[in-house]
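Enquirer: I'd like to go over a predicted model; first the sequence, then the structure.
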Amino acid sequence: MPKHGKKYSGVKAKAPKEVLELEAAVDFLKANPVAKFDESVELCIKMGVDAKKSDNAIRSTCGLPHGTGKSVSILVFAAGDAAEAAREAGANFVGNEDMIEKVKGGWTGFDVAIATPDAMKEVRKLGRVLGPRGLMPNPKTGTVTEDTAKAVEAAKAGKVEFRMDRDSNINVAVGKLSFEAGQLVENIQTVIDAVRAARPTGVRGAYFKNCSLSSTMGVGLRVNIRD
């Protein structure tokens, strides 16, 4: 097991053991940073959903009202007018066959991938590279679209994607410790509301099992979210 430093151990020793209200958890994390850099704040929700059932899949997006606090690198697979619109909107990498070949070679130096429907005919073949990294464009998340400019602008403005993994967990970065407490609370509540809205129709019983909040290098705090 990895060994933690004295600062982490000190924070862990005084961390509340009980389930906290969201505001109290945010206040504790902000008052007890562990790293010297501006840590991200990460939300983890354990879902009461059987991830093995295909009709229980949970995947969607939401726009954080105060953004993520980090610069997002965007790749757009497109040609013609859609490619030019993506460039004007601020996409970092734009191309079609050339970018497909580059990614096919293993390159994944970007945070978000967007594609036009026409480009997806070839982009689908990149599943082995993009799929495991959660980078495959998908119509459900607005990353397969003719309106590439709008998709680029949304990604830059703080749009985040969430999806349930094979262990029924959803993990989302919701901001930075340098954010004001109220901004973090609003971002977190926005994600919780979006996950609640994405509830599969066939799910019965408790939808949320538990929830925790942590900073990049910090301790995890149990948070009270009402189902």
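Expert: Sure, I can see it. Numbers count the residues shown, from 1 in each chain.

Enquirer: hey, let's count contacts and neighbours off CA atoms from now on
Expert: Fine.

Enquirer: could you report the pLDDT at M136?
Expert: Note on M136: pLDDT of 94.

Enquirer: do I have it right that it meets G127?
Expert: Yes - between M136 and G127 there is a contact at 6.9 Å, judged by CA atoms under 8 Å.

Enquirer: neighbour count: those two, which is higher?
Expert: M136 (21 against 15; other CA atoms under 10 Å).

Enquirer: where's that one relative to D193, distance?
Expert: 24 Å (CA to CA, to the nearest Å).

Enquirer: any stretches of the protein with poor pLDDT?
Expert: Low-confidence segments of the chain (pLDDT under 70): 1-3, 226-227.

Enquirer: so what are the domain limits for it?
Expert: Split into domains by automatic domain parsing, the chain comes to 6-67+160-222, 74-156.

Enquirer: distance of T201 relative to I74?
Expert: Taken as CA to CA, the span from T201 to I74 is 33 Å.

Enquirer: pick out whichever of these two has more residues nearby.
Expert: Higher neighbour count among T201 and I74: I74, with 21 against 8, using other CA under 10 Å.

Enquirer: strands of this structure, start to end?
Expert: 40-47, 59-63, 74-77, 93-95, 112-115, 159-163, 169-176, 208-215, 221-222 (DSSP state E).

Enquirer: just checking: what are the partner strands of the last one?
Expert: Read that as strand 221-222. Sheet pairing for strand 221-222, assigned by DSSP bridges, gives strand 208-215 (antiparallel).

Enquirer: now P16: how far from A24?
Expert: Counting by CA to CA, the gap from P16 to A24 is 10 Å.

Enquirer: list the buried residues for the biggest helix by length in the chain?
Expert: If you go by DSSP state H, the chain has its longest helix at helix 181-197. Judged by neighbour count using 16 or more other CA atoms under 10 Å, the buried positions of helix 181-197 are 181, 183-192, 194-195.

Enquirer: go on, stretch 145-162?
Expert: 145-152, 154-162.

Enquirer: could I get the full set of helices for the protein?
Expert: 6-14, 22-31, 80-89, 97-104, 120-123, 127-130, 148-157, 181-197.

Enquirer: need the contact list for the nearest residue in space to K176 that is not next to it in sequence.
Expert: Sequence neighbours aside, S40 is the residue nearest to K176 in space, at 4.3 Å (criterion: CA to CA, 6 or more residues apart in numbering). Taking CA atoms under 8 Å, 6 or more residues apart in numbering, we find S40 in contact with A173, V174, G175, K176, L177, S215, T216.

Enquirer: how about L75?
Expert: With contacts defined as CA under 8 Å, 6+ apart, L75 is in contact with A91, N92, F93, V94, F110, D111, V112, A113, I114.

Enquirer: the residues you listed: which two are farthest apart?
Expert: Spatial extent of the contacts of L75 (CA to CA) is set by the pair V94 and D111 at 13.6 Å.

Enquirer: neighbour count winner among the two?
Expert: More crowded of V94 and D111, by other CA under 10 Å: V94, with 23 against 14.

Enquirer: wait, the more buried one sits on A78?
Expert: Yes - with contact defined as CA under 8 Å, V94 and A78 form a contacting pair (6.8 Å).

Enquirer: buried sites along stretch 83-90?
Expert: A83, E84, A85, A86, R87, A89.

Enquirer: try stretch 127-143
Expert: Applying 16+ other CA under 10 Å to stretch 127-143 flags V129, L130, L135, M136, P137, N138, T141, G142, T143 as buried.
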